[in-house]
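1. got a predicted structure plus its sequence, pasted below:
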Amino acid sequence: MKGTLDWQSSEVVNIFDEASLWAAPFGQLLLQHIPMHPKNQVLDIGFGAGYPLIELSQRFGAEAQIYGIDIWAAAILRAKEKIRVLGIENITIFESDATSIPLETESIDLICSNLGINNFAEKEVVIAEAYRVLKTGGKLCISTNPKGTFQDLFAIFEKVLKEKKSAEQEKFQNYLAHRGTVESIVAEFAPIGLKLKKKVESACQMRFVNARAVFDHSLIRFGFLASWENFVAAEERKEFFAQVEKEIEAVIARDGELLMAIPMLYLEFEK
Ligand SMILES: C[S@@+](CC[C@H](N)C(=O)[O-])C[C@H]1O[C@@H](n2cnc3c(N)ncnc32)[C@H](O)[C@@H]1O
């Protein structure tokens, strides 16, 4: 295994696209459904390296004002460089935590968050801030991956952990539990009075024909492997992943591939 990739290093960020293959289908889902009106004030919460921030700016055109807020310094530098090279003039970037958004109350028509808000550490505070800056009648639209993500692979993790009688099984169960169901994600936005206006459930998948390829894939190394390594103690790790790879190869021998399902969810709320 090639190991984790450090998402804080500028070397890694330099090869991270504004629409990584992982983020792209979620952003497409968002862009297919968000309500669009001219001269809108739009806010992208958690735009990473500029997605869908830059796309929103280009779709809404120069008459709209687009704001983006994120805390990821290295990625913000990259987004700024893209904005400069593309000659875009209607984007304002805030490098700050969305628990406090530097915008006027009731000033924004549309808030978007692709793979964002509902995974943030202090999501209740961020959702309340989003509500504050949203105009009455304004929309908050998110795209995210609910429970069921990579369930085929996680079934293998579970089997191996059980067979090994690993003491760390609780960590794995906690990891599975942290991802919300469609209902629990919807419920996170309800308490402050946002009304659900639209819900679209979709899916995509990652397919592999080789077990090692799963763990050497850049997306897995960048976004997931560090958490998965915590399922077992450091001294058990090598053996654990070797066993998981063996199980994956058995699935591939049976089915011709490992198919990792990725459910996708678009939610649109109104203030
Ligand atoms: C999974 S990434 C998605 C990035 C981008 N929207 C995309 O689709 O590629 C989540 C983003 O949310 C940002 N983020 C996490 N917590 C945040 C917070 N409290 N305030 C602002 N941004 C935050 C991260 O820095 C990261 O850029």
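-> Arrived safely, thanks for sending.
2. just checking, S100 is part of a helix?
-> No. In this structure, S100 is coil, not part of a helix, as judged by DSSP: H, G, I helix; E, B strand; the rest coil.
3. who are the contact partners of it?
-> Contacts for S100 were tallied using C-beta atoms under 8 Å, 6 or more residues apart in numbering; they are E129. C-beta: built from backbone N, CA, C; applies to glycine.
4. can you check E89 too?
-> A62.
5. so which residues make contact with stretch 75-84?
-> By C-beta under 8 Å, 6+ apart, stretch 75-84 touches 10, 13-14, 16, 18, 47-50, 53-54, 57, 68, 70, 91, 93, 95.
6. of those residues, grab the buried ones for PyMOL.
-> Here is the PyMOL command that selects only those of the contacts of stretch 75-84 that count as buried (16 or more other C-beta atoms under 10 Å):
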select buried, resi 13+16+18+47+48+49+50+53+54+57+68+70+91+93
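7. can you narrow the contacts of stretch 75-84 down to the ones near the ligand?
-> Contacts with the ligand within those, counted by C-beta under 6 Å from any ligand atom: F47, G48, D70.
8. can you list the residues of the protein near the ligand?
-> Residues of the chain lying near the ligand (C-beta under 6 Å from any ligand atom): 20, 23, 27, 46-48, 51, 69-72, 75, 97-99, 114-116, 120, 126.
9. run the last query once more with 8 Å
-> 18-20, 22-23, 26-27, 44-49, 51-53, 69-72, 75, 96-99, 113-116, 119-122, 126, 223 (C-beta under 8 Å from any ligand atom).
10. of those, buried ones?
-> Buried among the residues of the chain next to the ligand (16+ other C-beta under 10 Å): 18-20, 22-23, 26-27, 44-49, 51-53, 69-70, 72, 75, 97-98, 113-116, 119-120, 126, 223.
11. hmm, who's touching the longest helix anywhere in the chain?
-> Taking DSSP state H as the criterion, the chain has its longest helix at helix 237-255. Helix 237-255 is contacted from outside by 1, 152-153, 156-157, 159-161, 163-164, 166, 208-212, 214-215, 229, 231-232, 258, using C-beta under 8 Å, 6+ apart.
12. sort out for me which of those residues are in strands.
-> Using DSSP state E, the members of the contacts of helix 237-255 that fall in strands are F208, L258.
13. quick revisit: which of the buried ones among the residues of the chain next to the ligand fall within strands?
-> Reading strands off these with DSSP E, I get D44, I45, I69, D70, S113, N114.
14. test my guess that the second one contacts I117.
-> Yes. Between I45 and I117 there is a contact under C-beta atoms under 8 Å: 5.6 Å.
15. find residues that contact each of these two.
-> What both I45 and I117 touch, as defined by C-beta under 8 Å, 6+ apart, is the set A98, V126, A130.
16. quick one: the helices in the stretch 51-200 of the chain, in order.
-> For the stretch 51-200 of the chain, the helices defined by DSSP state H, counting those that start in this stretch cover 53-60, 73-86, 123-133, 151-163, 169-178, 182-189.
17. domains of this structure?
-> Under the assignment automatic domain parsing, the domains of the chain span 10-144+180-203+264-270, 151-174+207-259.
18. would you single out the least confident of those domains?
-> Mean pLDDT values for the domains of the chain show the minimum at domain 151-174+207-259, a mean of 91.
19. contacts only, for the most centrally placed residue in the chain.
-> Nearest to the mean C-alpha position of the chain, counting by C-alpha atoms, centre = their mean, stands L115 at 2.7 Å. If a contact means C-beta under 8 Å, 6+ apart, then L115 has W22, A23, F26, G46, S143, T144, N145 as its contacts.
20. and the residue lying closest to the first one once chain neighbours are set aside, how many neighbours?
-> By that I understand W22. Excluding its sequence neighbours, the residue lying closest to W22 (C-beta to C-beta, 6 or more residues apart in numbering) is L219, at 5.0 Å. Applying the criterion other C-beta atoms under 10 Å, we find 14 residues in the vicinity of L219.
21. quick check: L219 touching L21?
-> Yes. If you go by C-beta under 8 Å, L219 and L21 touch, sitting 6.7 Å apart.
22. any idea how far the nearest residue to D109 once chain neighbours are set aside lies from C112?
-> In this structure, D109 finds its nearest non-sequential neighbour in N40, 4.3 Å apart by C-beta to C-beta, 6+ apart. The gap separating N40 from C112 is 11 Å, by C-beta to C-beta, to the nearest Å.
23. cool, thanks, talk later.
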